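Enquirer: this one's structure only:
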């Protein structure tokens with residue numbers, strides 16, 4: 001069997017990665033909205049539905065950013081270490 005190394009949990013840049021993902025998703029929403037005027041009614045509905053899912057995703061990512069910022073402030077200690 002080949003050796004398997006577990007990669008350590010490196011959370012140091014999670015906030016920045018999440019912020020980049022939020023920005024990219026917001027840009028995708030904007031780009032999709034710009035295509036609405038050129039789309040058929042079926043495509044418009046699909047674009048609107050996808051943008052709603054994108055907005056939900058952004059809300060989740062923003063919540064993760066808050067969690068990561070709090071973890072960063074605590075020094076990334078696990079719940080067991082905090083007790």
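Expert: Sure, I can see it. Everything numeric in this text was worked out from a predicted model, so none of it was measured.

Enquirer: Give me the residue ranges of this structure where confidence is low.
Expert: For the chain, residues meeting the criterion pLDDT under 70 lie at 1-9, 77-83.

Enquirer: switch to 50 and redo it
Expert: Filtered on pLDDT under 50, the chain yields the residue ranges 83.

Enquirer: Distance from the helix or strand harbouring residue 66 to the middle of the chain?
Expert: Assigned by DSSP states H and E, residue 66 belongs to helix 41-73. Here helix 41-73 is found 7 Å from its chain centre; the criterion is C-alpha atoms, centre = their mean, to the nearest Å.

Enquirer: Against which helices or strands is the helix or strand where residue 27 lies packed?
Expert: Using DSSP H and E, residue 27 sits within helix 14-35. Where contact means 3 or more C-beta pairs under 8 Å, 6 or more residues apart in numbering; DSSP states H and E, helix 14-35 is packed against helix 41-73. For glycine as for every other residue, the C-beta is placed from the backbone atoms N, C-alpha and C.

Enquirer: tell me, what residue is most central in the protein?
Expert: residue 61 (3.9 Å; C-alpha atoms, centre = their mean).

Enquirer: What is the burial count for residue 25?
Expert: By other C-beta atoms under 10 Å, 17 other residues sit near residue 25.

Enquirer: which residues touch it?
Expert: By C-beta atoms under 8 Å, 6 or more residues apart in numbering, the residues touching residue 25 are 54, 57-58, 61.

Enquirer: Quick one, which of these are buried?
Expert: For the contacts of residue 25, a burial check counting by 16 or more other C-beta atoms under 10 Å picks out 54, 58, 61.
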